[in-house]
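*Asks:* after the sequence you'll find the predicted model.
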Amino acid sequence: MAEPRLRVEQLAVRFATRQGVVSPVRGISFTVNAHETLGIIGESGCGKSVTAQAVMGLLSPRTSRVDGEIALAGKRLDTLSSRARRQLSGRDMAMIFQDPLASLNPVMTVGYQIDESLRLHTALGRAQRQEKILSLLTQVGIADPVRCASAWPHELSGGMRQRVMIAMAIAVSPGLLIADEPTTALDATIQAQILDLLEAIQQQTGMGIVIITHDLSVVARLCQRVVVLYAGQVVEETDVHTLFSRPRHPYTRALLAARPSADSTPKTTLTEIRGQVPSLHALPAGCAYADRCPLAQPRCREQPPSLRVSGWGHHAVRCWRADETEGERL
Ligand SMILES: Nc1ncnc2c1ncn2[C@@H]1O[C@H](COP(=O)(O)OP(=O)(O)OP(=O)(O)O)[C@@H](O)[C@H]1O
Ligand code: SF4
Ligand SMILES: [Mg+2]
């Protein structure tokens, strides 16, 4: 079988903070195959962006420590020097950030920024690169690519900037794209266009996509598999159909129950669940969800449950009571 586009094994991230060391990512594993879209969901602070930054190699070694294996199309990244890693990941993996204005360089034109990655990672000459920039901007639905290429980031609307980010990300046809909340700031029409665009590019190139989102309608629309994170750990992983029809972890079930019904609003966002996520400075000894879980038993507070595959297919759940409680109302 072909190597997965991305394989992440027991990824753990620690940060040194003034209050001591915190571990926002605690042993996360997942894989993404060619043509596949994996969704990563969970409440704010559960470690989604830190996971993406660790995979991309964007965390500073001065303030953080990353453990675990990261392999891109079978090649280990975690064992490479940072220079070799940047080279490899710049060509084979790209990321779209939550806030395009913060990630575009304000003092360089859009065209120059796209050109940077073409210069670094392709053998194209100047004229070919110019042509490629215009064709990329056209591909992401920009009506006047010549004008856009010579514009500064602040001259563009939010939707245009997000398209420019996508053009930059796909410039060198990466095998893997990580999109961190790519459409959160955009209105529904532009959001739908961006998702269509990602799907179309995936169909053409077969790239694997990791999409981080709060928006369950995005998950339902794009993803084949979904990882649910809680307090830096995977609490459930399954295919998208099973996620919506037979979620097993009490946290996933609460996330889905908190979702407004499909016909009340087209935008279905993860809403609040009673109680709070535990502090990274005081993680509980047992299950991290115990304080909020209606099914918690004494054992849950004493021993941490491990992630176990249950049922058919690869459906993994981290809960002591996963088998007992299937189908029960919470
Ligand atoms: N550089 C850092 N130093 C210390 N702690 C950090 C750092 N970056 C993130 N964190 C902490 O790690 C935890 C996970 O953050 P992360 O940004 O991954 O959350 P998230 O799941 O992406 O949330 P959101 O949905 O709000 O984007 C948070 O508690 C955050 O405060
Ligand atoms: S292990 Fe216990 S506390 Fe944790 S989710 Fe399962 S039932 Fe709830
Ligand atoms: Mg985030």
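*Replies:* That came in fine, so what should we check first? Ligands and ions are numbered 1, 2, ... in the order given.

*Asks:* which of the helices and strands in the protein ranks last by mean pLDDT?
*Replies:* Least confident element among the helices and strands of the chain, by mean pLDDT, DSSP states H and E: helix 100-103 (a mean of 76).

*Asks:* check which helices and strands it sits against.
*Replies:* helix 158-170 (3 or more Cβ pairs under 8 Å, 6 or more residues apart in numbering; DSSP states H and E). In short, each C-beta sits where N, CA and C put it, glycine included.

*Asks:* is any residue of the helix or strand that comes right after the helix it packs on near ligand 1?
*Replies:* Sequence order places strand 176-180 as the next helix or strand after helix 158-170, per DSSP states H and E. No: with Cβ under 6 Å from any ligand atom as the measure, strand 176-180 is seen stopping short of ligand 1, the closest distance being 7.3 Å.

*Asks:* what's the following helix or strand after strand 176-180?
*Replies:* Following strand 176-180 in sequence order, the next helix or strand is helix 188-205 (DSSP H and E).

*Asks:* mind listing what's buried in that next one?
*Replies:* Residues of helix 188-205 classed as buried by neighbour count (16 or more other Cβ atoms under 10 Å): 190, 191, 192, 193, 194, 195, 197, 198, 201, 202.

*Asks:* which strands or helices does the helix or strand following it pack on?
*Replies:* Using DSSP H and E, the helix or strand that follows helix 188-205 towards the C-terminus is strand 208-212. Under the contact definition 3+ Cβ pairs under 8 Å, 6+ apart, strand 208-212 sits against strand 20-32, strand 37-41, helix 48-56, strand 176-180, helix 188-205, helix 216-222.

*Asks:* reformat the ones you listed as JSON lines; add distance to residue 103 and mean pLDDT.
*Replies:* Formatted as JSON lines, those follow (distance: least, Cβ to Cβ, whole Å; pLDDT from 0 to 100):
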{"stretch": "strand 20-32", "distance to residue 103": "20", "mean pLDDT": "97"}
{"stretch": "strand 37-41", "distance to residue 103": "19", "mean pLDDT": "98"}
{"stretch": "helix 48-56", "distance to residue 103": "12", "mean pLDDT": "95"}
{"stretch": "strand 176-180", "distance to residue 103": "10", "mean pLDDT": "96"}
{"stretch": "helix 188-205", "distance to residue 103": "16", "mean pLDDT": "88"}
{"stretch": "helix 216-222", "distance to residue 103": "20", "mean pLDDT": "92"}
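
*Asks:* CSV please, covering the ones you listed and showing distance to residue 130.
*Replies:* Output for the helices and strands packed on strand 208-212, formatted as CSV (distance: least, Cβ to Cβ, whole Å):
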stretch, distance to residue 130
strand 20-32, 33
strand 37-41, 32
helix 48-56, 28
strand 176-180, 24
helix 188-205, 21
helix 216-222, 32
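
*Asks:* what's near enough to touch the residue nearest the centre of the chain?
*Replies:* Closest residue to the average C-alpha location of the chain: residue 212 at 3.2 Å, with Cα atoms, centre = their mean. Counting by Cβ atoms under 8 Å, 6 or more residues apart in numbering, residue 212 makes contact with 39, 40, 41, 48, 49, 52, 178, 179, 180, 181.

*Asks:* near ligand 2 too, which of those residues?
*Replies:* Answer for the contacts of residue 212 near ligand 2: none qualify (Cβ under 6 Å from any ligand atom).

*Asks:* out of these, who's nearest ligand 3?
*Replies:* residue 49 (3.1 Å; Cβ to the ion).

*Asks:* distance of the residue lying closest to residue 35 once chain neighbours are set aside from residue 141?
*Replies:* The shortest distance from residue 35 to any residue other than its chain neighbours is 4.9 Å, reached at residue 206 (Cβ to Cβ, 6 or more residues apart in numbering). Distance check for residue 206 against residue 141: by Cβ to Cβ, to the nearest Å, it reads 21 Å.

*Asks:* next, the residue of the chain most remote from its centre: secondary structure please.
*Replies:* Computed with Cα atoms, centre = their mean, the residue of the chain farthest from its C-alpha average is residue 127, at 34.7 Å. Secondary structure state of residue 127, per DSSP: H, G, I helix; E, B strand; the rest coil, is helix.

*Asks:* kind regards, and thank you for your time.
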